[in-house]
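>>> Mind folding the following:
(3 chains)
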Amino acid sequence: MSVLDSKIPDGPLKDKWTNHKNKIDLVNPANKRNIDIIVVGTGLAGGSAAASLAEMGYNVKSFCYQDSPRRAHSIAAQGGINAAKNYQNDGDSVYRLFYDTVKGGDYRSREANVHRLAEVSGNIIDQCVAQGVPFGRDYGGLLDNRSFGGVLVSRTFYAKGQTGQQLLLGAYSALNRQIAKGKVTMYNRHEMVELVKVNGKARGIIARNLETGELERHSAHAVVIASGGYGNVFFLSTNAMGSNATAAWKIHKKGAHFANPCYTQIHPTCIPRSGEHQSKLTLMSESLRNDGRIWVPKNIDDVLAIREGTLSPTDLSEDQRDYYLERRYPAFGNLVPRDIASRAAKEICDAGYGVNSTGEAVYLDFSSAIQRYGKQEAAIARLQNPSESDILKLGEGVIESKYGNLFQMYEKIVAEDPYKKPMMIYPAVHYTMGGVWVDYNLMTSVEGCYCIGEANFSDHGANRLGASALMQGLADGYFVLPYTIGNYLSNEIRTGKISTEAAEFVAAEKEVSDRIEKLMNIKGTKSVDHFHKLLGKAMWEYVGMTRNEKGLKKAMAEIKKIRTDFWSDVKIPGDRNSLNRELEKAGRVADFLELGELFAKDALHRNESCGGHFREESVELDGLQKGEAKRNDTDYAYVAAWEYKGEPADAVMHKEELEFNDIELKQRSYK
Amino acid sequence: MDLTLKVWRQKNREEKGGLETYKVTGISEHASFLEMLDIMNEQLIKEGTEPVAFDYDCREGICGTCSLYINGEAHGPDRKVTTCQLHMRMFKDGETIYIEPWRSAAMPVIKDLIVDRSSFDRIQQSGGFVSVNTSGNTQDANALPIPKMNADLAFDAAACIGCGACVATCKNSSAMLFVAAKVSQFAYLPQGQVEAKQRVLNMVEQMDKEGFGNCTNTGACEVECPKSISIKYIAKMNREFLSASCSSES
Amino acid sequence: MSNGLSNSSVGRKVLMALSGFFLLFFLMQHFVINLFSVISADLFNEISHFMGTNGLIQFVLQPILIFGFLFHLAMGMYLERKNSAARPIKYAMDKPSENSNWMSRNMLITGIMVMLFLGLHFYDFWLPEIKTKFIEGDWSGLNNGEFRYWEELHHKFQDIIRVSIYCVAFIFLGLHLSHGFQSAFQSAGFNHNKYTPIIKKLATLYAIIIPFGFIFIALFHYFTQN
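Model prediction:
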């Protein structure tokens, strides 16, 4: 038997969660007061979990590296949150949301978890509205929905382009209420740097106070990691600059298996890099592809002229343009899924057709939409023979009402008017579906250590559906973990207060202290960012959207080399006993340098094209789908959970076979 | 672009700080302001000097972490942007740029350009929430229709990112716009009504305790606010406060 | 109760606005009465005598008015002190003109200028009145058998220096009003998409008409005797 016990409850899929909940052991309110829980991270998952656990009566200690829990990067999510409410009466249901999510994840997620997610999705909306989250409404005062990410129903709730912000502020307000009551103790500007295990159970953490540099020991009966994804392993991503994998990686090194690290989502519509100085990438909502047409010049001379600034894209006639998505995927055109659009953009730019100075950009052109809407509006306004400028004006008005804030954002960053000149876009790393392996109760392979939100692996398979990340974060934090943690904690009522004087805490603190000392003493010649950028380049080049065996092997060797160089040549100015950004970054990059190698190793073993990833060795050889991604369900329908064994290259894989009883596995087709 | 930077350096909360002058050269006008500072820091690291500490996180204008007073204005000379969205094309080659932290007694400097904004958190904790438990049994979201106008007003107030530019820019270091935004968000929604009176009283009390100044209606805050939150919400809060403090029940 | 009007920031601003409203109203009636001095000396004398001898006005409204002025001044100073303490370290480089106008930022300066002027104004008119009425006990309002009010007023504006000081002071008053009028509405919680722009226009009108009206009256008396 596998060492992985997913603890999926028996019974029919739709009853699993209900039955399981009914059987979870409860903890008496008087005992809850004696139980401490540490929650690391204050995003949608961490914030909502901390608030809910405190409401239930546990003592919660909540940690975030930012200056306030409200800064967590969930705040940046734009699009929306899915829920199977069927308010639009378009036939939506829990089953359909479940089905779409499993299919969207290319059949690499755990069926029971996804069904539970769909079941609680409706509660999330109820909860958020009760908290005062200002969702978009129609004139009747009822909640509005939009269709998102290519699904056939309108089930996405939104708050303009700031859904993540509003949901996070909702969770933050719930958290504030508990902080005011004294049930949550908040530790801002604190970073978890080690997990402390006592007798095999997670019993606390070592945290570094980022302002004073002091190392602190915190004990608890359970530790919850909600520290988000690891997209910053690519250096450039849509993640916040501070987003890191340190908490997740530390628990991995203490025994938590890391699952499917190679599952990353690359988002096709981001603002391209403008030069070597670039520090991060900005996402533009996917909704833009509804009206924009993607193209590059057909003629390579035109590309070069555009780059030199001697030619404007608007000077090119229709037959000088290559609308490559429409050409390759006539059925879906510009609306092909994220991974396909991203890959196509990279391929065309690798072939030399990138339209900006870095050679990494394609056009997203709204001129046809402006014409179309303009004529439509002119007809509605009953204009006789409208002039070209009238049509443009009317059309731009429609576009502005739909995407005004995005266009403004683009103009601020790029300093070009996207109404007049086509937008430039390029794919960027956005979300990581892989993460810490957890069972049905969201417990990792370390007893008493839980992992929720983007930091765990369970719900999105190999590719995440649009507007599902917010749903999963809040589902885990509000409605799943607070229940499932009871099973473990009900056995902890006799444990009593855990002393931070225990030998394990002392040893863990010393380990951290030595590691910091070692970093400070390297006194090399290169900055932390230097190594981070090298890592990012290797990741993007060989472990990005398109992968092959040779590249992946090369990546593993290269990352290992960067890691060795890092540990001998990094330069960290300042001292350890004060606020030191370089030291903070160094700790995180040190972890990324290990994670990156495991990432490549996982990608190497998964010899199939699946979800967001194209494996050159696994393509359809003939028929209509010739040359397209080929998933291999016979050999790879499992979760790859890696056990830490020292060097990332030595990690040992454990398989959790995925069973699909309620869904038939299908290959995707967008031709 | 070549620039001269006058940057506030301060070792920690206790020690006194001062302006230091640094020079950066060859900056692309397409770089963002914070990327320019990254380049400056990279240079300082090479020279063996401790880099300048400044706050940032999302670098897309939504988390509210970045907080610089650039050339005499919160978030710099551009409008409707945070510092991280500010680009170097707003500056001229050869320009001297002053970079200072937010200045407010209620937001002390921690180091260099980083300030402690936990006063904002404490104001929120004093009442910026609706007291509802996570039960999964709250009423159905659509059982409570909310007029679109109120929903939109609440939303516009809720757009606040808590960066503190309003405090930094106000000649009195007043936090009225920040507090008003939160008070108004709930005041315009039926969910917020139950606790409305206590909320506004508590939040204003906490705001005063933190040592923020008073509002003199200069309107500077709404001009510098990266999310364009209107001072009409301050009037709304004043109304809410008046009615709450004059009602006999509270 | 710590949330009372007088000990919270919002409450104090409301009180500031209410005293401001009161003073705005007073200023308006003062202006109207003075305007009569231009139209008809007799009418002006009649009204002045009524105002100067009516018990309600002298013993009830006048103290309230003085209190209103002093309260507005004292509260203004108090708030300014608090505001200044809220930013112990100032910016090395600050460009407030980029986001707000001079008047709104300098209410204390314009206010103090107006108050200094009031000192002169008291010395000119109010102290002599007190002396005549309360020390000498002369409530007749007569001088040589005729009402003295218009003559006294007219006489004061003989001096070019005094007239100049009055004119300058009224300009400060105008600057103070241009922000104060509309700001009082905002502080009292009134901000409306439709009506606030109208109030702002009215404020501008008020801030121009009243001070310049006073200037006109002063100049009128100066030029009609020089």
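
>>> Could you list the low-pLDDT ranges of chain B?
Counting by pLDDT under 70, the ranges of chain B that qualify are B:248-250.

>>> so where do the helices sit in it?
For chain B, the helices defined by DSSP state H cover B:33-47, B:118-125, B:148-158, B:165-169, B:176-187, B:196-210, B:220-224, B:232-246.

>>> A:Ile516 against A:Glu584, yeah?
No. When contacts are counted by Cβ atoms under 8 Å, A:Ile516 is not listed as touching A:Glu584 (10.5 Å). Using the backbone N, CA and C atoms, a C-beta is placed for each residue, glycine as well.

>>> Could you look up the SS state of the closest residue to chain B within chain A?
Residue nearest to chain B within chain A: A:Gly141 (3.2 Å; Cβ to the nearest Cβ). Following DSSP: H, G, I helix; E, B strand; the rest coil, A:Gly141 is assigned to coil.

>>> Need the phi and psi values for the nearest residue to it once chain neighbours are set aside.
Using Cβ to Cβ, 6 or more residues apart in numbering or on different chains and skipping residues adjacent in sequence, the residue nearest A:Gly141 is B:Pro145, 3.2 Å away. Main-chain torsions, B:Pro145, degrees, to the nearest 10: phi -70, psi 140.

>>> try A:Val224
For A:Val224, the backbone dihedrals are phi -110, psi 120 (criterion: degrees, to the nearest 10).

>>> and it, what is it in contact with?
Residues in contact with A:Val224 (Cβ atoms under 8 Å, 6 or more residues apart in numbering or on different chains) are A:37-40, A:46, A:49, A:449-452, A:481, A:485.

>>> could the residues you listed go into a markdown table alongside secondary structure, pLDDT and neighbour count?
Converted to a markdown table, these look like this (DSSP: H, G, I helix; E, B strand; the rest coil; pLDDT from 0 to 100; neighbours: other Cβ atoms under 10 Å in any protein chain shown):
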| residue | secondary structure | pLDDT | neighbour count |
| --- | --- | --- | --- |
| A:Ile37 | strand | 98 | 27 |
| A:Ile38 | strand | 98 | 28 |
| A:Val39 | strand | 98 | 32 |
| A:Val40 | strand | 98 | 31 |
| A:Gly46 | helix | 98 | 32 |
| A:Ala49 | helix | 98 | 36 |
| A:Cys449 | strand | 98 | 26 |
| A:Tyr450 | strand | 98 | 31 |
| A:Cys451 | strand | 98 | 32 |
| A:Ile452 | coil | 98 | 30 |
| A:Leu481 | helix | 97 | 30 |
| A:Ile485 | helix | 97 | 27 |
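
>>> For burial, what's the neighbour tally of residue 72?
As the question left the chain open, I've gone with chain A. Per other Cβ atoms under 10 Å in any protein chain shown, the neighbour tally for A:Ala72 reads 33.

>>> Not quite, go with chain C.
C:His72: 20 surrounding residues under other Cβ under 10 Å.

>>> so it sits in a helix?
Yes. C:His72: assigned to a helix according to three-state DSSP.

>>> if I look at the closest residue to it other than its chain neighbours, how far off is chain B?
Of all residues not flanking C:His72 in the chain, C:Ser19 sits nearest, at 4.3 Å (Cβ to Cβ, 6+ apart). As for C:Ser19, its distance to chain B is 15 Å (criterion: Cβ to the nearest Cβ, to the nearest Å).

>>> Shouldn't C:Ser19 be within a helix?
Yes. Counting by three-state DSSP, C:Ser19 is part of a helix.

>>> Could I get the contacting residues of it?
Contact partners of C:Ser19, counting by Cβ under 8 Å, 6+ apart, are C:68, C:71-72, C:75.
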